[in-house]
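**Q** Generate coordinates for the sequence data below:
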Amino acid sequence: MTKPRRVCAIRDPIPAYRQGIARELHAAGYETAEPGDCSAWVQRFRHAAHPAECHLAVLLSIRSEADAEALASLRAYDDQVALLALLVDPTVDNYRQALQAGAWGVVDYAASPEEIVAALEATWAGVVRLPRAIAVDLLSRPGRTNAAPPVGESDVMRLAALANGWSVERLASHENFSTRAMFRRLQELYRTLGVSNRHEAVVVAARWGLLDGSLDALRQRAVVNGRRRMVPPRRHPPEDGADRARPGAA
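**A** Now for the predicted structure:
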């Protein structure tokens, strides 16, 4: 079996910084890119190759709220991309913000290229490497309440669609939204649920019972805008002995 390509984009305004990380990534077997628009870069790969053929990652330096928003936008656009946040100001609040925005990993911007690549490698194994002080602070926060958050019917149906394997593009089309507008709505929903991506949203929704009956309802109800149904209704075979003639047939 062919080993998937590992391709990593680096987003930072300093060329020498990008080049230093790129050299270390090349040594670790990555292909690298320095796109101006990371979302467009991800989109090109997704259209050109099957997801199993490429493992995509983006390293983003976080210097401002705009950078954090760019990270959140990337996560909303594609929840399978490994996002590693490089914090110029590595405070506890900024670690928390980056993780809440959807980063799979967070590392100090001043870390060595070797440390940055090691942190990226950890994300593929589902591991987040954090300084002890950051981990202690995050663990000290109050636990999440057992009460389900206030989620409207339209959002429950969107969660059901995502749980049923719908892409964001398909969901947007059936609700007569642009893909970008649907990404924004889903990002707002993720924040309401206290999660950062669709996988976590589906897990949390199932845990809170928000999907109970919703998957069947999804197959039976039309979308609010338009006559098309999100999922075709189930077709049950006729019972033994039932009249199989078409209506009106002799």
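**Q** Would you map out the domains in the chain?
**A** The record's domain parsing of the chain by automatic domain parsing lists 5-139, 153-220.
**Q** Same question for Leu59, what's its three-state structure.
**A** On the three-state scheme (DSSP: H, G, I helix; E, B strand; the rest coil), Leu59 is labelled strand.
**Q** try Ala110
**A** At Ala110, secondary structure determined by three-state DSSP is coil.
**Q** just Arg6 next, same as before
**A** State at Arg6, reduced to three classes by three-state DSSP: strand.
**Q** Next one: it from Ala70, what distance?
**A** When Cβ to Cβ, to the nearest Å is the yardstick, Arg6 and Ala70 sit 22 Å from each other. Where you see a C-beta, it was placed from the backbone N, CA and C, and this is true even at glycine.
**Q** Asp12 now?
**A** When Asp12 is compared with Ala70 (using Cβ to Cβ), they lie 12 Å apart.
**Q** anything in contact with each of those two?
**A** Common contacts of Asp12 and Ala70, defined by Cβ atoms under 8 Å, 6 or more residues apart in numbering, comprise Leu60.
**Q** What residues sit buried inside stretch 180-192?
**A** Going by neighbour count (16 or more other Cβ atoms under 10 Å), the buried part of stretch 180-192 is Met182, Phe183, Arg185, Leu186, Gln187, Leu189, Tyr190.
**Q** okay but the second one is in contact with Ser167, surely?
**A** No - contact criterion Cβ atoms under 8 Å: Phe183 and Ser167 do not qualify, at 11.3 Å.
**Q** For the strand or helix carrying Glu121, name the packing helices and strands.
**A** Assigned by DSSP states H and E, Glu121 belongs to helix 113-124. If you count contacts as 3 or more Cβ pairs under 8 Å, 6 or more residues apart in numbering; DSSP states H and E, helix 113-124 packs onto helix 15-27, strand 54-62, strand 82-87, strand 105-108.
**Q** Adding distance to Ala76 and mean pLDDT as columns, could you present those in a markdown table?
**A** Shown next, in a markdown table, are those (distance: least, Cβ to Cβ, whole Å; pLDDT from 0 to 100):
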| stretch | distance to Ala76 | mean pLDDT |
| --- | --- | --- |
| helix 15-27 | 24 | 94 |
| strand 54-62 | 13 | 92 |
| strand 82-87 | 11 | 94 |
| strand 105-108 | 18 | 93 |
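**Q** who wins for proximity to Phe45 among those?
**A** strand 54-62 (5.7 Å; Cβ to Cβ).
**Q** what's that closest one packed up against?
**A** strand 5-11, helix 38-48, helix 65-77, strand 82-87, helix 113-124.
**Q** Count the residues that sit near the nearest residue to Leu120 once chain neighbours are set aside.
**A** Of all residues not flanking Leu120 in the chain, Leu84 sits nearest, at 5.1 Å (Cβ to Cβ, 6 or more residues apart in numbering). For Leu84, the neighbour count with other Cβ atoms under 10 Å is 23.
**Q** Please list all residues in contact with Ala76.
**A** Counted by Cβ under 8 Å, 6+ apart, Ala76 has contacts Gly102, Val168, Phe183, Arg184, Leu186, Gln187, Tyr190.
**Q** what stretches of this structure score poorly on pLDDT?
**A** 1-2, 49-52, 141-149, 212-250 (pLDDT under 70).
**Q** pretty sure Arg185 contacts Ser178?
**A** No - using Cβ under 8 Å, Arg185 is not in contact with Ser178, being 10.6 Å away.
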